[in-house]
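[1] this one's structure only:
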């Protein structure tokens, strides 16, 4: 008897829960009336929440600009945001909610590749296009034809800095200090090492840290004895600024190299003068005088009170690419929308000219920037093109934002960076 | 040799911070047998309080000793008030119930503080202003010590001395010892146990806040989740030293700080990559507890029948 | 009716109900009635959390040990079985193709469950043996430490994905997860009712007295630890093969805390309490996503941004208002009155 009661209570509970869940499902179809619902998911309460907030803000800005300009074909874009707390399991749950409950027409998100990898199959199965603004692991878009991205992939960005280190800085030896808990950092480490070794250099020591670590002196002290020519730190600004500081305190004055994760107005405040003699690869240079970039920086700062980081810029572009695709598809039919996104070509975004290749990765050149902490700004050094992409001729790209530096023959513009005005 | 000394200095620096936070864990545990999981978050609140004070009072522009002391003391006072409030409104109502109930309340409090701070301050890391001039001194060879490291050593030593004085030389300290010995007997002896418990929370929280401000001088990045891992390791330090034992907490903190750094520095030679840093604290703890089940300095109390 | 007839009837009914639920989750639904993928996912997580909560309840609620590292055992089971499925799964499915796709993948899943349970049980034994020397909070921190070490070690093994995450074939459907949930609940229920269960409860009530009465406390404590870990491992296996993706971020210590919250909020030492707790802790954060936005002038205040703050507040208030959990040590329906404790005021443990 007890067993039956126990079983009954179990089923009762399950059915009860089912009822609870269904109560939440008050979804209306997304494309009725005057709004187009777009799902956005990201981490706003977990370990990577600062990235999620930037991403959300970037999309928010793009949508409000588009809506202010009259929307798409008379319809307004509406962002439905869900927090995934930075865990792949929740990422999968919330993307499922966005698609099945909120009936969004497309999804934008995640920053961390692991979360995108977990969530992407849901979008692929439901045939809802998903654009990830900043997941760099090549595997993400391999999930299927509904998944695309607007950022570099790890193999390209990792090799960019290796080339820069060997060709421009004439480095023979390098040390790498990577974030072992971040897929992004591990990817860059791997491809930096590969390219650096191919070009005749040696990676003499590889050390790692974990996100939220407070102290890096142990790793740095170990590196100091090996006297590398350059130190590659593929991490995010919060940690790298402290690493730079602690490296300089230990008397290590080698050039520091990094990736787009460094790009944030907070970097200057956190790192200060320690950021002298440092170079990063990025999608764009925030002091680029191109109006797209300057307007973006100005509007973002006005709206959110802080300057944009690279994640915000990428999210902004992802939202604009999606909006452009909806316009070209003439509606939100998922197959047409997917095809429109995948055929994005020469889209002039803030982070460069975005063209999606056959595997739905953005192909765009990277810029190498030098850090000038005295003015809190990045100074343009050179543009590095991906293999197979020829540097465009001067006439062909005068209208594109990312390359206007090249045509200007190196950036000598020293107008003070809007970023430095950012207040908390 | 100079590398080794350098690593030791690095390790003892973070060890001192762990020790300051561990003191709060151990005092609260000694009196209430409560693992105050929100303690790591109070360390974070301390750092934020210092940040707000320094910005509001305009100390961020020019480094001055006065500014530092005001910020430090102010942050400690704010954290102490918060610690007392948490005790009064969350822990006191559940004090007489089971260990699990108090544990869940503490976990809930920890989540509450974290998410509230994320909501209020956004999760973006802030840079803590430099309140004292920075620089580093070369000891010998390559071994250097930065002013912020010296500051951490000096201030934490002072605070630990102060704590020792409060506990062993003042009346309230005597009451704390009595309560930790036996709460009910102390009550029967006329000690206001509620006050003593609140005072203990205030003291522990103030020390954690000091740890927060000092860390922020060494590593000027503060964010709402900075207390999770640091707090956990400080808790491990407290258990390692023998929870409830004050010198044990300091010893545990310094040991864990040094061990972590040495593993990162030299682990590579014996096949332990630096990524195992966070596992080291726990591994040491487990090994020590297997040999000494009550921690390094803890006394193993026999259960009475 | 004889008991085995009842058992068969019960099994048939259970499988029929699970089959209907499983069908409702498919794209076409059960005769047109269906739940969508999101709702189905939540049902699965409820089931998985029931396995986790009841198994932890055996250790914490009935034996009175203080384990706060349950996610570690779950991770071990998940990764061990995922490694097996990725390495051998496809080959086994191919060689068993005569069973059809459902049949052959189910065989792989069952082997994976056996492996996951075994490895997690082994880990439970390794953690359980030192636990004999430690009491209360010392045991708690050791279990937490083990769970963190397990997580960090897995993060550093590139063969199982490291920081990128690990893709797993999706062999588990709701039918299997439901069957294992029922098996877990029944097995733990029967253990608690058996002689072993009496011995475990006696350890909870008074370890010294139990020992004096001739209960081999050491053996029973390890037994409960190993059984609890094995079921956590099973939950891990099912999670891996349902979610199709594993990452160490899903096994942080906050996960262990969640499981403890389930058993404490439901009532320590109550089977139905643990089930209730699992349902509440799974659904509450999702229900809070539906909180309305309030328009104040031009600004829109989003209550859903505060959902985790509200969740934490509810947690604290529940503990203050009902320190012994929603059900205390009672069961829904009061059928297990004999387990009810004489001293209600103490809540779960003293």
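    Everything's here; your move. Source: prediction; values computed, not measured.
[2] in chain C, which residue is closest to the centre?
    Centroid check for chain C by CA atoms, centre = their mean gives residue C:52 as the closest residue, at 1.0 Å.
[3] my guess is that one meets residue C:238, correct?
    No: using CB atoms under 8 Å, residue C:52 makes no contact with residue C:238, being 10.3 Å away. Bear in mind the C-beta positions are built from the backbone N, C-alpha and C, glycine included.
[4] secondary structure class for residue B:268?
    helix (DSSP: H, G, I helix; E, B strand; the rest coil).
[5] now the one 10 residues further on
    Of the three states, residue B:278 takes helix according to three-state DSSP.
[6] quick check, stretch C:51-71 touching chain B?
    Yes: Stretch C:51-71 comes into contact with chain B (CB under 8 Å from any CB of the partner chain), by way of C:60, C:66, C:68.
[7] where's the dip in pLDDT among the residues you listed?
    Lowest in pLDDT among the residues of stretch C:51-71 next to chain B is residue C:66, which has 85.
[8] any idea which of the residues of stretch C:51-71 next to chain B is closest to residue C:328?
    Each of the residues of stretch C:51-71 next to chain B was checked against residue C:328 using CB to CB; the closest is residue C:60, at 14.7 Å.
[9] Of the residues of stretch C:51-71 next to chain B, which is the most crowded?
    residue C:60 (29 neighbours; other CB atoms under 10 Å in any protein chain shown).
[10] Is that one in contact with residue C:53, as I believe?
    No: counting by CB under 8 Å, residue C:60 does not reach residue C:53; the two are 9.9 Å apart.
[11] coming back round to it: tell me the pLDDT of the residue nearest to the centre of chain C.
    So, for residue C:52, pLDDT stands at 96.
[12] got it, and residue A:408?
    For residue A:408, the model assigns a pLDDT of 37.
[13] Give me the common contacts of residue C:52 and residue C:238.
    Jointly contacting residue C:52 and residue C:238 under the rule CB atoms under 8 Å, 6 or more residues apart in numbering or on different chains is no residue at all.
[14] burial measure for residue B:192, as a count.
    For residue B:192, the neighbour count with other CB under 10 Å is 14.
[15] ok, now residue B:66?
    9.
[16] Please apply the same query to residue C:195.
    So residue C:195, with other CB under 10 Å, has 8 neighbours.
[17] just residue A:273 next, same as before
    Residues lying near residue A:273 (other CB under 10 Å) number 12.
[18] Okay, it and residue B:62: tell me how far apart.
    16 Å (CB to CB, to the nearest Å).
[19] thinking again about what came up before, find residues that contact each of residue C:60 and residue C:53.
    Jointly contacting residue C:60 and residue C:53 under the rule CB under 8 Å, 6+ apart are residue C:263.
[20] Check the secondary structure at residue A:207 for me.
    Relying on three-state DSSP, one would call residue A:207 strand.
[21] quick one on the thing from earlier: does the residue nearest to the centre of chain C lie in a helix or a strand, and which?
    In this structure, residue C:52 sits in helix C:37-56 according to DSSP states H and E.
[22] Please see if that helix touches chain A.
    Yes: counting by CB under 8 Å from any CB, chain A has neighbours in helix C:37-56: C:37-39, C:41-43, C:45-47, C:50.
[23] what about residue B:240, distance to residue B:289?
    Applying CB to CB to residue B:240 and residue B:289 gives a distance of 8 Å.
[24] Return every residue with contacts to both of those two.
    Taking CB under 8 Å, 6+ apart as the contact criterion, the residues that touch both residue B:240 and residue B:289 are residue B:295.
[25] Look at those two and report which has more neighbours.
    Neighbours per residue, other CB under 10 Å: of residue B:240 and residue B:289, the larger number sits with residue B:240, 33 against 23.
[26] Point out the other helices and strands that the host helix or strand of that one packs with.
    Taking DSSP H and E as the definition, one finds residue B:240 inside helix B:227-241. Helices and strands touching helix B:227-241, by 3 or more CB pairs under 8 Å, 6 or more residues apart in numbering or on different chains; DSSP states H and E, are helix B:2-32, helix B:39-56, helix B:246-266, helix B:277-291, helix C:136-155.
[27] Let me have those in a markdown table, extended by mean pLDDT and distance to chain A.
    Shown next, in a markdown table, are the helices and strands packed on helix B:227-241 (pLDDT from 0 to 100; distance: least, CB to the nearest CB, whole Å):
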| stretch | mean pLDDT | distance to chain A |
| --- | --- | --- |
| helix B:2-32 | 90 | 4 |
| helix B:39-56 | 94 | 8 |
| helix B:246-266 | 90 | 4 |
| helix B:277-291 | 87 | 6 |
| helix C:136-155 | 89 | 7 |
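[28] so who does residue 165 touch?
    Looking at chain A here, since you left the chain open. Taking CB under 8 Å, 6+ apart as the test, what residue A:165 contacts is A:171, A:174, A:196, A:201, A:229-230, A:232, A:255, A:257.
[29] meant chain C, my bad for not saying
    Contacts of residue C:165 (CB under 8 Å, 6+ apart): A:88, A:114, A:117-118, A:183, C:245-247.
[30] give me that answer again for 7 Å
    A:88, A:114, A:117-118, C:245-247 (CB atoms under 7 Å, 6 or more residues apart in numbering or on different chains).
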